[in-house]
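Engineer: The sequence and its predicted three-dimensional model are supplied below.
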Amino acid sequence: MRVLVVSLTALGLLAGCASSSSDWAKAGASDQELGRDTADCLAGAQMMVSGGQGPPRTVIQQDRYRRCMTNRGYVEQPQK
């Protein structure tokens, strides 16, 4: 289970680096809670898309991810 969470987090961070320029903050949230919520929201925002002539690939629906994080009480902040 831990490997799955770490893998999803890494996938999310890679996807986020390509399309996001923000961090998430929540008063009183620990790093562990942030990691768990991030992994959960990323898992819920994943979608498989056709690769055309190549293999299917996983993409992150950014709007769904942001909505999930916001619903959990996080605020999106610009990266420093």
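Structural biologist: That came in fine, so what should we check first?

Engineer: residue boundaries of the helices in this structure?
Structural biologist: 2-19, 31-45, 62-71 (DSSP state H).

Engineer: Return the angle between stretch directions for the last one and helix 31-45.
Structural biologist: Read that as helix 62-71. Interaxial angle, helix 62-71 versus helix 31-45 (axes from the mean of the first three to the mean of the last three C-alpha atoms, to 10 degrees): 140 degrees.

Engineer: Which strands and helices lie in contact with helix 62-71?
Structural biologist: Where contact means 3 or more C-beta pairs under 8 Å, 6 or more residues apart in numbering; DSSP states H and E, helix 62-71 is packed against helix 31-45, strand 75-78. Using the backbone N, CA and C atoms, a C-beta is placed for each residue, glycine as well.

Engineer: For Asp23, which of these is the nearest?
Structural biologist: Checking these against Asp23 by C-beta to C-beta gives strand 75-78 as the closest, at 5.1 Å.

Engineer: Not counting the closest one itself, show me its contacts.
Structural biologist: Residues outside strand 75-78 that contact it (C-beta atoms under 8 Å, 6 or more residues apart in numbering): Ser21, Ser22, Asp23, Trp24, Ala25, Lys26, Arg66, Met69, Thr70.

Engineer: Can you dump the C-alpha atoms of it in CSV for me?
Structural biologist: Extracted as CSV, the C-alpha positions of strand 75-78 are listed here (Å, rounded to 0.1, in the frame of the first residue of the first chain):
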residue,chain,number,x,y,z
VAL,A,75,-5.8,26.5,-0.4
GLU,A,76,-3.7,26.8,-3.6
GLN,A,77,-0.8,29.1,-3.2
PRO,A,78,1.9,30.3,-5.7
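
Engineer: in its sheet, what does that strand sit against?
Structural biologist: Sheet pairing of strand 75-78 (DSSP bridges) gives strand 22-25 (antiparallel).

Engineer: The strand it pairs with: how far from the chain's middle?
Structural biologist: How far strand 22-25 lies from its chain's middle: 11 Å, per C-alpha atoms, centre = their mean, to the nearest Å.
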